[in-house]
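Engineer: Sequence and predicted structure are below.
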Amino acid sequence: MDNKLIIAIIAIVLVLIVGGGYYYTSTTSVDSDKTDTIIIYAADSLANQINTTTQKFNEKYPNVKVETHFGGSQKMIKEITELNKTADIMASADYGLIDKRLMPNKTTFNLKYASNSMVLAYTDKSAHANEINQENWYTTLLMDDVKLGFGDPNSDPCGYRSVMVLELASILENKPEIFEIITNNSAITLDAKENNYTIKSPTDLNPSEKLLIRPDAAAAMPALQSGEADYVLTYKNIAEQQKDSGIKYLELPGELALNDTQYEKDYSQITLVENVNSDKSKDITLSPIVYGITVIKDGPSHDLAAEYVALLLSPDGNKIIEDSYQVPISPAVPTENSTDIPEVLQQYIQK
């Protein structure tokens, strides 16, 4: 046989061996032809992100069904912990809820993987829409002809953040009347002692005509379109996703945006007690808007769920997060007590 032909054959074989080896090491342990269902519970502000990730995931796993449930993060976690609903993944708008309510019984780890910020959404039909800015936003909300909307602080992280942001503004501006928007128009009360501020939110919020409270932030947005509310405190990505329908928003200044961890010590002086004086009462400390995600350890599709989370943490997933008007945290950061993080996620997390 001609020497050149022999050399060519050897070269082709080496390419196949090396290429085959690379393909093997880069594939996952899960069969792409596998038929199964992944069940995801997630904050409603993550709906766009999760739905887009699902489309991308099904390109690789076309036979896998992804079943999604969206709502306030606390409500979604209660579905898993109190109603014993089957779940594979939980993605929370407040990463701390996973640490407090799912670890260690339901999961062993929690990854901080994205952030968001608070904004004040409105439309051209909102009272004083042509005048509001970062300097006068709270005085605008104090006006008699202005109606404010937000999510339920007893079930929705955006809801309790909305209430606590108003108290934070009261402290920073030294204007107690800002939080009186809440205390004068609902059953919510404030207990202030030195540098500790405790907001007490009863099960029956009993809002006046000044306030519109919906189960979660996304559910409050249609009230802007109908004119039922003038302004809604919500997440930036929720407002961004509805700009084509006439939604505008004002970015809250500085610390009030809740998007910077350097202010975490300042935030920690404010606590909200949800469902106060009931057997469902829990304390929530104000914190930056950082999303957490985990795989439920007894979920029926644990390995597939880990693959799904890996996609979300990958460069492709980071692009999806950005396109959903949120900010990826890359590499993702495990919380302090996280253990037994699946191997497939290791390349995307901070060591």
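Structural biologist: Now that the structure is in, tell me what you want to look at. Numbers count the residues shown, from 1 in each chain.

Engineer: burial count for residue 295?
Structural biologist: By other C-beta atoms under 10 Å, the residues close to residue 295 number 27. Glycine gets a C-beta too; all of them are placed from N, C-alpha and C.

Engineer: go on, residue 116?
Structural biologist: 27.

Engineer: quick one, what contacts it?
Structural biologist: 45, 93, 235-237, 259, 289, 291, 326-327 (C-beta atoms under 8 Å, 6 or more residues apart in numbering).

Engineer: Distance-wise, check the one residue sitting closest to the centre of the chain relative to residue 71.
Structural biologist: Most central in the chain under C-alpha atoms, centre = their mean is residue 93, positioned 2.5 Å from the mean C-alpha point. Taking C-beta to C-beta, to the nearest Å as the criterion, residue 93 is separated from residue 71 by 10 Å.

Engineer: and for these two, which residues touch both?
Structural biologist: residue 43.

Engineer: Which parts of the chain belong to which domain?
Structural biologist: Here the domain parsing of the chain from automatic domain parsing is 31-115+291-348, 118-285.

Engineer: Reformat the ones you listed as JSON lines; add mean pLDDT.
Structural biologist: Formatted as JSON lines, the domains of the chain follow (pLDDT from 0 to 100):
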{"stretch": "domain 31-115+291-348", "mean pLDDT": "95"}
{"stretch": "domain 118-285", "mean pLDDT": "95"}
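
Engineer: which other residues reach the helix or strand hosting residue 308?
Structural biologist: Assigned by DSSP states H and E, residue 308 belongs to helix 302-313. Residues from elsewhere that reach helix 302-313 (C-beta under 8 Å, 6+ apart): 28-30, 34, 36, 38, 40, 49, 53, 56-57, 61, 64, 66, 88-89, 111, 113, 293, 295-296, 299, 317, 320-321, 330-332, 342, 344-345, 348-349.

Engineer: Now list the buried members of these.
Structural biologist: Applying 16 or more other C-beta atoms under 10 Å to the contacts of helix 302-313, the neighbour count classes 30, 36, 38, 40, 49, 53, 56-57, 61, 64, 66, 88-89, 111, 113, 293, 295-296, 299, 317, 320-321, 330-332, 342, 344-345, 348-349 as buried.

Engineer: For stretch 265-274, buried residues please.
Structural biologist: By neighbour count with 16+ other C-beta under 10 Å, stretch 265-274 contains the buried residues 267, 269-274.

Engineer: Next: stretch 60-77.
Structural biologist: Buried residues in stretch 60-77, defined by neighbour count with 16+ other C-beta under 10 Å: 61, 64, 66, 68-77.

Engineer: Verify the stated contact: residue 52 with residue 321.
Structural biologist: No. Counting by C-beta atoms under 8 Å, residue 52 does not reach residue 321; the two are 9.3 Å apart.

Engineer: Report the two of the buried residues of stretch 265-274 separated the most.
Structural biologist: 269 and 274 (17.8 Å; C-beta to C-beta).

Engineer: Quick one: the helices in the chain, in order.
Structural biologist: Using DSSP state H, the helices of the chain run over 3-26, 47-60, 73-81, 95-101, 137-142, 157-173, 180-183, 217-220, 222-226, 236-240, 264-267, 302-313, 315-323.

Engineer: What lies in contact with the third one?
Structural biologist: By that I understand helix 73-81. Looking at what lies outside helix 73-81 - C-beta under 8 Å, 6+ apart - the contacts are 41-43, 69-70, 85, 87, 90, 92-94, 97-98, 101-102, 105-106, 154-157, 215-216, 274, 296.

Engineer: which among those end up buried?
Structural biologist: For the contacts of helix 73-81, a burial check counting by 16+ other C-beta under 10 Å picks out 41-43, 69-70, 87, 90, 92-94, 97-98, 101-102, 106, 154-157, 215-216, 274, 296.

Engineer: Point out the ones among those that are inside strands.
Structural biologist: With DSSP state E as the criterion, strands contain 41-43, 69-70, 90, 92, 274 from among the buried ones among the contacts of helix 73-81.

Engineer: can I get those in JSON lines with distance to residue 198?
Structural biologist: Putting these into JSON lines (distance: C-beta to C-beta, whole Å) gives the following:
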{"residue": "41", "distance to residue 198": "29"}
{"residue": "42", "distance to residue 198": "29"}
{"residue": "43", "distance to residue 198": "25"}
{"residue": "69", "distance to residue 198": "32"}
{"residue": "70", "distance to residue 198": "30"}
{"residue": "90", "distance to residue 198": "28"}
{"residue": "92", "distance to residue 198": "23"}
{"residue": "274", "distance to residue 198": "12"}
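
Engineer: picking that back up, which one of the helices of the chain lies nearest to residue 198?
Structural biologist: Proximity to residue 198, assessed across the helices of the chain by C-beta to C-beta, is greatest for helix 157-173 (9.8 Å).

Engineer: Of all the residues in the closest one, which ones are buried?
Structural biologist: By neighbour count on 16+ other C-beta under 10 Å, the buried set for helix 157-173 is 157-171.

Engineer: Nice, that's everything, thank you.
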